[in-house]
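K.L.:
missing the sequence, but the structure's below:
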């Protein structure tokens, strides 16, 4: 393996690692596009909204919204002419399909 191939591979891996938020991250750290929609839908302060996980395709996100798990789904292509819209689809899933809420910060 050549040095330039190794460097390119490391660059790709580090970029993907930085783009994947950790569980418990504040929402603005994980996907700021969802933040305005969550605030509008639930009236929960931004510091009380935390990321839990994305699905493999990054189309569905589970969030801890003021201690309650909510599932959001992205619709649209994300291109400038067709921006992604995030909708709360929690009621379409049985409670057992959702992850548990996160423990309070610092515990």
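P.N.:
Good, I have the coordinates. Nothing here was measured: the structure is a model prediction, and the numbers come from that model.
K.L.:
Sketch out the low-pLDDT regions of this structure for me.
P.N.:
Filtered on pLDDT under 70, the chain yields the residue ranges 1-32, 78-83, 107.
K.L.:
give me that answer again for 80
P.N.:
Scanning the chain for pLDDT under 80 picks out 1-33, 77-83, 105-107.
K.L.:
Find the nearest non-adjacent residue to residue 75, please.
P.N.:
Among residues not flanking residue 75 along the chain, residue 85 sits closest, at 5.0 Å (Cβ to Cβ, 6 or more residues apart in numbering). Backbone N, C-alpha and C define where each C-beta goes, glycine included.
K.L.:
Equivalent analysis for residue 62, please.
P.N.:
residue 52 (4.1 Å).
K.L.:
who's in contact with residue 87?
P.N.:
Going by Cβ atoms under 8 Å, 6 or more residues apart in numbering, residue 87 touches 37, 72-73, 75.
K.L.:
again, but for residue 85
P.N.:
37, 74-76.
K.L.:
From the residues you listed, list the buried ones, please.
P.N.:
Buried by 16 or more other Cβ atoms under 10 Å: residue 74, out of these.
K.L.:
The contacts of residue 85 in helices, which ones?
P.N.:
Under the assignment DSSP state H, the contacts of residue 85 contribute residue 37 to helices.
K.L.:
and the contacts of residue 85, which two are the farthest apart?
P.N.:
37 and 76 (12.4 Å; Cβ to Cβ).
K.L.:
all helices of this structure, in order?
P.N.:
3-19, 27-30, 32-42.
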